[in-house]
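Undergrad: mind looking at a prediction? Sequence and model below.
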Amino acid sequence: MDRVKRCSFVLYMLLIIAIAESTAKPLQIKHGGIQNTSTQVSAISSNSVLVALLDSHYTELAELVEKALLLQPLEEVVGSSNITIFAPNNVFLEKNLDPEFKRFLYEPGNLRSLQRLLQYHVVPRRIVAEEWRNETHRALNRDGLKFEVNGDDRKVDLGAVIHPNAVVKPDGVIHGIDRVLVPRSVQDDFNAWRSGVSLAVKPEGAPVVDGPYQKKSVSGSGVKLNSSPPPPVHSIYYALAPGPSLAPAPAPGPSSGRHWFDGESQVKDFIHTLMLYGGYNEMADILVNLTSLASEMAKLVSEGYRITVLAPNDEAMGELTTDQLSEPHAPEKIVYYHIIPEYMTEESLYTAVRRFGKVKYDTLRVPHKMVTQEADGTVMFGHGHTTAHLYDHDIYVDGRISVQGIDKVLFPPEEAASHHVKGRKLEEEQEEVEETKKPSKGRLLGMLCNLVDRFGQNSLLSVCQ
């Protein structure tokens, strides 16, 4: 019996030792081919150069890094090597950066350009001011970054280093520079975005001469354009249908027969954006279902014209009266008056009214013009009895079509005045009808009531009360 107890005790001790040894080994869990062990890379320390960037005078650059989704990739680079960051200060990014270039960088569709721009400011090695040489280093976007030194003056690309060794950490260094460094690829993307060339449809087939403004040359690979598509020769009014009476079959006017831009997809995109934005379903319904204006706008954009659409919201559309909608071709007339044959953003509209006070723009409803002026820190459209304020700005902007939301439906001054007079006449007629409905007293009864009232016996006759 004692031997059995001793064997049990020995087995129990061996089991405890085996468990202790197994827990002392590094934990290894295999799941889906990925092995997690204690040898993983540790998190970025509080003494990292990336943490210092968030707490420095370069917080604007740090926000751009977060917006471009580059924080995690930079952490991975810092985990494997040191880095050097060239950081423009907050003042430059807030005040001196071109507003149009800034808007280009902030558009969601240009995320890749923003990432390349920021990667151009990072070199995956440690370069302190004392090690500055006249040489070229490769940035994270794989472009060469030229370094120059002349005495105490240091330059990187076109930027001057104004605060060398602004932040020095064990895993990297930050140098303050006086401008944003723009790589060639991002500059090309910006130029294409600003001019709309990126949307151009390149011609195919045999080379032909399409007018005196577009010249082509033949190369071994086919047709080569010497310049970007020219602006339309004719005014936008030549490309419109002769009038709303011919809708819903609008046709473009003088044309080359070759569409340089994909206007149909652009119009579909902006109408889809209106519906997703919310509050502009009525405007989208008029463009697509009630009229053929969406097709007409697509043809205009395909011909190279640029337009700005003032879109009344659903609440404004709901205030339209039956008289306003019952006129012949009322939807077409309303929309024509809300389309300006120029490309303008909220910033350009507000800048114009701030500089010139009151500005008149042509509309597609000839000969009526749209009056704009500043009001309460925003842009006000129209004048007189009907005015509208810029309600939702830059709902859709792509370089060809600009959509600005407004809070009222606008009418030309003459129509607005006539609608106002009709409304007043209608109110007066209703008041007259209400007065005629009141029971009138006869002349004899009225005299009797006056006589009784003089003697203070008015309460005797109920009809006189």
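TA: Cool, got the structure.
Undergrad: please enumerate the helices of the stretch 251-400 of the chain.
TA: Listed in chain order, the helices found in the stretch 251-400 of the chain under DSSP state H, counting those that start in this stretch are 263-277, 281-285, 293-302, 314-317, 322-326, 330-337, 346-356.
Undergrad: make CSV from those helices and add distance to residue 66, mean pLDDT and mean neighbour count to it.
TA: (Glycine included, C-beta is placed from N, CA and C.) CSV is the format used below for the helices of the stretch 251-400 of the chain (distance: least, Cβ to Cβ, whole Å; pLDDT from 0 to 100; neighbours: other Cβ atoms under 10 Å):
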stretch, distance to residue 66, mean pLDDT, mean neighbour count
helix 263-277, 25, 87, 18
helix 281-285, 34, 89, 19
helix 293-302, 35, 87, 23
helix 314-317, 35, 90, 16
helix 322-326, 49, 80, 11
helix 330-337, 41, 89, 21
helix 346-356, 24, 87, 15
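Undergrad: any chance of these in CSV, plus distance to residue 399?
TA: Listed next are the helices of the stretch 251-400 of the chain as CSV, based on distance: least, Cβ to Cβ, whole Å:
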stretch, distance to residue 399
helix 263-277, 9
helix 281-285, 21
helix 293-302, 10
helix 314-317, 27
helix 322-326, 34
helix 330-337, 22
helix 346-356, 13
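Undergrad: can you tell which of these is closest to residue 89?
TA: Proximity to residue 89, assessed across the helices of the stretch 251-400 of the chain by Cβ to Cβ, is greatest for helix 346-356 (23.7 Å).
Undergrad: who are the packing partners of that closest one?
TA: Applying 3 or more Cβ pairs under 8 Å, 6 or more residues apart in numbering; DSSP states H and E, one finds that helix 346-356 makes contact with strand 369-375, strand 378-383, strand 386-397.
Undergrad: give me whichever of those strands is most buried.
TA: A comparison of the helices and strands packed on helix 346-356 by mean neighbour count, using mean count of other Cβ atoms under 10 Å, puts strand 378-383 on top with a mean of 20.
Undergrad: which strands and helices sit next to that strand?
TA: Applying 3+ Cβ pairs under 8 Å, 6+ apart, one finds that strand 378-383 contacts helix 346-356, strand 369-375, strand 386-397.
Undergrad: contacts for the longest one, please.
TA: Read that as strand 386-397. Residues lying outside strand 386-397 but in contact with it, judged by Cβ atoms under 8 Å, 6 or more residues apart in numbering, are 269-270, 273-274, 277, 279-280, 310-313, 316, 345-346, 349, 375-376, 378-382, 402-411, 416.
Undergrad: please redo it, this time with the cut-off set to 7 Å
TA: Residues from elsewhere that reach strand 386-397, judged by Cβ atoms under 7 Å, 6 or more residues apart in numbering: 270, 273-274, 277, 311, 313, 345-346, 375, 378-382, 403-408, 410-411, 416.
Undergrad: now that strand - C-alpha only, PDB.
TA: Once non-C-alpha atoms are left out, strand 386-397 reads as follows in PDB (Å, rounded to 0.1, in the frame of the first residue of the first chain):
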ATOM      1  CA  THR A 386     -37.600  85.800 -54.500                       C
ATOM      2  CA  THR A 387     -34.200  85.300 -53.100                       C
ATOM      3  CA  ALA A 388     -32.300  82.200 -52.100                       C
ATOM      4  CA  HIS A 389     -29.200  81.600 -50.000                       C
ATOM      5  CA  LEU A 390     -26.400  79.100 -50.600                       C
ATOM      6  CA  TYR A 391     -27.500  76.200 -48.400                       C
ATOM      7  CA  ASP A 392     -25.300  73.200 -49.200                       C
ATOM      8  CA  HIS A 393     -22.100  74.200 -51.000                       C
ATOM      9  CA  ASP A 394     -20.000  72.100 -53.400                       C
ATOM     10  CA  ILE A 395     -22.400  69.100 -53.400                       C
ATOM     11  CA  TYR A 396     -20.600  67.900 -56.500                       C
ATOM     12  CA  VAL A 397     -17.600  69.400 -58.200                       C
END
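Undergrad: partners of it in the sheet?
TA: Strand 386-397 has these partner strands in its sheet, going by DSSP bridges: strand 378-383 (antiparallel), strand 401-406 (antiparallel).
Undergrad: and that strand with helix 263-277, angle?
TA: Computed by axes from the mean of the first three to the mean of the last three Cα atoms, to 10 degrees, the angle separating strand 386-397 from helix 263-277 equals 110 degrees.
Undergrad: and the helices in the stretch 1-150 of the chain?
TA: Here the stretch 1-150 of the chain has its helices, by DSSP H, counting those that start in this stretch, at 2-24, 49-54, 59-67, 71-80, 90-91, 99-106, 111-119.
Undergrad: stretch 160-176 - what's its average pLDDT?
TA: Mean pLDDT, computed over stretch 160-176, is 90.
Undergrad: again, but for stretch 54-66
TA: Stretch 54-66 carries an average pLDDT of 82.
Undergrad: list the buried residues of it.
TA: In terms of neighbour count (16 or more other Cβ atoms under 10 Å), stretch 54-66 has its buried residues at 56, 57, 58, 60, 61, 62, 64, 65.
Undergrad: dump the residue contacts of the first one.
TA: Residue 56 sits next to 167, 174 when contact means Cβ under 7 Å, 6+ apart.
Undergrad: try 8 Å this time
TA: The contact partners of residue 56, by Cβ under 8 Å, 6+ apart, come to 62, 87, 166, 167, 174.
Undergrad: among the residues you listed, name the ones in strands.
TA: Secondary structure from DSSP state E places 87, 166, 167, 174 of the contacts of residue 56 in strands.
Undergrad: determine which two of those residues are furthest apart.
TA: Taking every pair in the ones in strands among the contacts of residue 56 and measuring Cβ to Cβ, the maximum separation is 8.4 Å, between 87 and 167.
Undergrad: picking up where we left off before, now for the helices and strands packed on strand 378-383, which one comes closest to residue 150?
TA: Proximity of those to residue 150 was assessed by Cβ to Cβ; the nearest stretch is helix 346-356, lying at 39.3 Å.
Undergrad: coming back round to it: quick check: the farthest pair among the contacts of residue 56?
TA: Within the contacts of residue 56, 62 and 166 form the most distant pair, 13.5 Å apart (Cβ to Cβ).
Undergrad: picking up where we left off before, among the ones in strands among the contacts of residue 56, who's most crowded?
TA: Neighbour count (other Cβ atoms under 10 Å) singles out residue 174 as the most crowded of those, with 26 neighbours.
Undergrad: is that residue bridged to anything, and to what?
TA: residue 85, residue 167.
Undergrad: quick revisit: anything in contact with each of residue 87 and residue 167?
TA: 53, 56, 174.
Undergrad: the first one: neighbour count?
TA: Applying other Cβ under 10 Å, we find 22 residues neighbouring residue 53.
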